[in-house]
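**Student:** Dropping a prediction and its sequence here:
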Amino acid sequence: MERLDAEKQIRELQTIINQYNYEYHVLDKPSVPDAEYDRLIRELIQLEEQYPEYRTPDSPTVRVGGAILDMFEKVEHRSPMLSLGNAFNESDLRDFDRKVRQAVGDQFTYVCELKIDGLAVSLRYEDGLFVKGATRGDGTIGEDITSNLRTIKSIPLRIKEPFTMEVRGEAFMPKRSFEALNKVKEERSEEPFANPRNAAAGSLRQLDPKIAASRNLDIFLYAIADLGETGVESHSEGLDLLDTLGFKTNKERKRCADIEEVIAYVEGWVERRPNLPYDIDGIVVKVDSLLQQERLGTTAKSPRWAIAYKFPAEEVVTILKDIMLTVGRTGAITPTAILEPVRVAGTTVQRATLHNEDLIRAKDIKLGDHVVVKKAGDIIPEIVNVLPEKRTGQEIEFNMPTHCPECGSDLVRLEGEVALRCINPKCPAQIREGLIHFVSRNAMNIEGLGEKVISQLFHEKLVHDVADIYKLTHEQLIGMERMGEKSISNLLKAIEGSKSNSLEKLLFGLGIRHVGAKAAKTLAQHFGSMDALMIAKDEELTSINEVGGKMADSIVTYFEMEEAGELINELKAAGVNMEYKGPKPVSAAESDSFFAGKTIVLTGKLEQLSRNEAKDQIEALGGNVAGSVSKKTDLVIAGEDAGSKLAKAEGLGIEVWNEERMLQELKK
């Protein structure tokens, strides 16, 4: 083929395939069969491989994913990507409306849009060509995920006018794609994603764009960040312009004349949201006029002209088929409801926690009951109540057992506790759960040793206690199911690497009753070594801030056991570190840091530090990081998607920082 003919054919194929993409992924009106589309793509790939000089940045072939990245570069947004304030009920919406009226009078309209549960992104176009895409990040600086965003077929690689502009949208994973992805993960015995939002965020933060390309993500555009010379005077006009340029916007939006229409729109979608092919978690309400938006202005972190109504936790009815009992690492017997599978807040739920026997009695739960289920915080399934009016007389009273379902030992209820416990130290369930706890992220963090692998090792009698983990060999692992050479090599490296963890990781991993991750760090900082802690007495332990009588008794009792001493010696012999490696804590009196002596709460997703890293640095400067907001809280640091803690802080008038402000202070 002549080069000129090849170039002409490539351009024609690019144009027609991009049009087919637009029809299928934006208009949802495909005009050709999938087989014809696939044939044209294969033809284009072949021609572009033969004549690579004619491959352009807007070719549909770039959507299959390019080279693997080393890391994500930082991108500064040309205009901030502000987060929205939240409304949780009708009263909050009316309060928002009152403030708008006070600022601009009565002559205005609202635009209501579905709040897509995904990941906010910014797309940059130059002369109509898509050149850069980034995450929201802290609102000022995000991460360059251009390669991954190119794989989303509803994002136009070239728009229909040669505008230079920045647009904002929400990338998401449709329910169908989410279900298919989790099915593959389950077949591979991998941990499934909790919900489509996490799956979308995880897909767009892959360094290999081919992974993002395989996940079938989608996007809705919701704003133009820099209107420039477009002549647009309202938000709704901006959305119409996005449609004209070839972007995909959500067609369920509505202009509302007043707050009454807004409330009616919200109430309608509370009922209809389960029928959508994607997840939404609320409704966004915006003042339509851009001039009035400008007059209303913004706070440091959110616009005064918009608010996000957050849906109440979704509640559904299903049938309680059975109650399963599990034995935890401390011997506590936990009942779990086995449910007729039902979809709640974006995922299929088959189990719900029942906590203990007292809760079952208080809610009058019986086997066979129709029960109302919701996800606490849209995460953890729980039974809200039963529906006694639906009982047929076939329901069965549930009674807790008198003996451990794993080892058959007598169960006891210790004074002051609601849980039944197995107190047999050789109970196999407790040993297995203790092993799972030891390798978990906040403990020794041994990647590759998940619950399934630990259970298999325990079943095969390859591990009996945590010291046995450090005795595992290639020969023992090679015969195990789904254990190839690479998996074994990675696992043994992870086990070896965990030996150098700081003392607090080991101390938490041992699972001493009442010693959580925070207490483990406090003890490690105070004593410095395992040897010093092992000989500590009650008086010295209780003199430490945060260590009470129960915890002190538990620590002393644990180390008095002969088996504990033998276990520590085995771990020492295996080369496991027994010293504290972190920074020594600084008292508020010793530190001149802003954080010294202050109570600080971290909430939302941080981009540049993990929550634990931020916590460690603040505490090293004399600050105290708490888990909940109260009147005693001095400062809240809010990352992306901060929720109820941020709302409570704002309600109490507590100072709020973003991550960037925190990092500036940490560097001083």
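**Tutor:** Yes, it's here.
**Student:** burial count for the residue nearest to residue 9 when sequence neighbours are not counted?
**Tutor:** Among residues not flanking residue 9 along the chain, residue 47 sits closest, at 6.3 Å (C-beta to C-beta, 6 or more residues apart in numbering). Glycine gets a C-beta too; all of them are placed from N, C-alpha and C. By other C-beta atoms under 10 Å, the residues close to residue 47 number 20.
**Student:** show me what contacts residue 47?
**Tutor:** The contact partners of residue 47, taken as C-beta atoms under 8 Å, 6 or more residues apart in numbering, are 6, 9, 10, 13, 54.
**Student:** For the second one, grab the count of nearby residues.
**Tutor:** Right, the one you point to is residue 9. 16.
**Student:** again, but for the fourth one
**Tutor:** Applying other C-beta under 10 Å, we find 20 other residues in the vicinity of residue 13.
**Student:** Can you give me the distance of it to residue 63?
**Tutor:** Distance of residue 13 to residue 63, given as C-beta to C-beta, to the nearest Å: 14 Å.
**Student:** what's the answer for the first one, then?
**Tutor:** Shown here: residue 6 relative to residue 63, a distance of 21 Å by C-beta to C-beta.
**Student:** higher neighbour count, those two?
**Tutor:** For the pair residue 6 and residue 63, the greater number of neighbours falls to residue 63 (19 against 16), based on other C-beta under 10 Å.
**Student:** tell me the contacts of that one?
**Tutor:** Residues near residue 63 by C-beta under 8 Å, 6+ apart: 150, 151, 152, 153, 213.
**Student:** so which strand or helix has the closest residue to residue 432 other than its chain neighbours?
**Tutor:** Counting by C-beta to C-beta, 6+ apart, residue 458 is the residue found nearest to residue 432 once chain neighbours are left out, at 4.9 Å. Assigned by DSSP states H and E, residue 458 falls within helix 451-459.
**Student:** And the next helix or strand past that helix?
**Tutor:** Taking DSSP H and E, what comes next after helix 451-459 is helix 474-477.
**Student:** What average pLDDT does that next one get?
**Tutor:** The average of the pLDDT scores along helix 474-477 is 91.
**Student:** which helices and strands does that helix pack with?
**Tutor:** helix 485-498 (3 or more C-beta pairs under 8 Å, 6 or more residues apart in numbering; DSSP states H and E).
**Student:** can you dump the C-alpha coordinates of the helix it packs on into PDB?
**Tutor:** Taking Å, rounded to 0.1, in the frame of the first residue of the first chain, the C-alpha atoms of helix 485-498 are listed here in PDB:
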ATOM      1  CA  GLU A 485       7.200 -20.100  42.000                       C
ATOM      2  CA  LYS A 486       6.700 -16.300  41.800                       C
ATOM      3  CA  SER A 487       4.000 -16.300  44.600                       C
ATOM      4  CA  ILE A 488       6.300 -18.300  46.800                       C
ATOM      5  CA  SER A 489       9.300 -16.100  46.200                       C
ATOM      6  CA  ASN A 490       7.300 -13.000  46.900                       C
ATOM      7  CA  LEU A 491       5.800 -14.500  50.100                       C
ATOM      8  CA  LEU A 492       9.100 -15.600  51.500                       C
ATOM      9  CA  LYS A 493      10.500 -12.100  50.800                       C
ATOM     10  CA  ALA A 494       7.600 -10.500  52.600                       C
ATOM     11  CA  ILE A 495       8.100 -12.800  55.600                       C
ATOM     12  CA  GLU A 496      11.800 -12.000  55.700                       C
ATOM     13  CA  GLY A 497      11.000  -8.300  55.400                       C
ATOM     14  CA  SER A 498       8.600  -8.300  58.300                       C
END
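**Student:** That helix packs against which elements?
**Tutor:** Against helix 485-498 (3+ C-beta pairs under 8 Å, 6+ apart) you get helix 474-477.
**Student:** Contacts for the helix it packs on, please.
**Tutor:** 462, 483, 488, 491, 492.
**Student:** please redo it, this time with the cut-off set to 6 Å
**Tutor:** Contacts of helix 474-477 with the rest of the structure, by C-beta atoms under 6 Å, 6 or more residues apart in numbering, involve 462, 483, 488.
**Student:** Show me which of the residues you listed has the smallest pLDDT value.
**Tutor:** Taken together, the contacts of helix 474-477 show their lowest pLDDT at residue 483, with 82.
**Student:** ok, the nearest residue to it once chain neighbours are set aside to residue 296 distance?
**Tutor:** Leaving aside its chain neighbours, residue 483 sits nearest to residue 477 (5.3 Å; criterion: C-beta to C-beta, 6+ apart). Shown here: residue 477 relative to residue 296, a distance of 62 Å by C-beta to C-beta.
**Student:** same question, residue 516
**Tutor:** Residue 516 sits 45 Å away from residue 296, going by C-beta to C-beta.
**Student:** which one of these two has more residues nearby?
**Tutor:** residue 296 (19 against 13).
**Student:** contacting residues for the more buried one?
**Tutor:** Contacts for residue 296 (C-beta under 6 Å, 6+ apart) come out as 103, 304, 305.
**Student:** now do residue 335
**Tutor:** 323, 325, 354.
**Student:** Any figure for the gap between the closest residue to residue 30 other than its chain neighbours and residue 207?
**Tutor:** Of all residues not flanking residue 30 in the chain, residue 24 sits nearest, at 4.4 Å (C-beta to C-beta, 6+ apart). For residue 24, the distance to residue 207 equals 28 Å [C-beta to C-beta].
**Student:** Give me the more crowded residue out of the two.
**Tutor:** Between residue 24 and residue 207, counted using other C-beta under 10 Å, the more crowded position is residue 24 (17 against 14).
**Student:** element containing the most centrally placed residue in the chain, please.
**Tutor:** Taking C-alpha atoms, centre = their mean, the centroid of the chain lies closest to residue 198, which sits 5.1 Å from it. Taking DSSP H and E as the definition, residue 198 sits inside helix 196-204.
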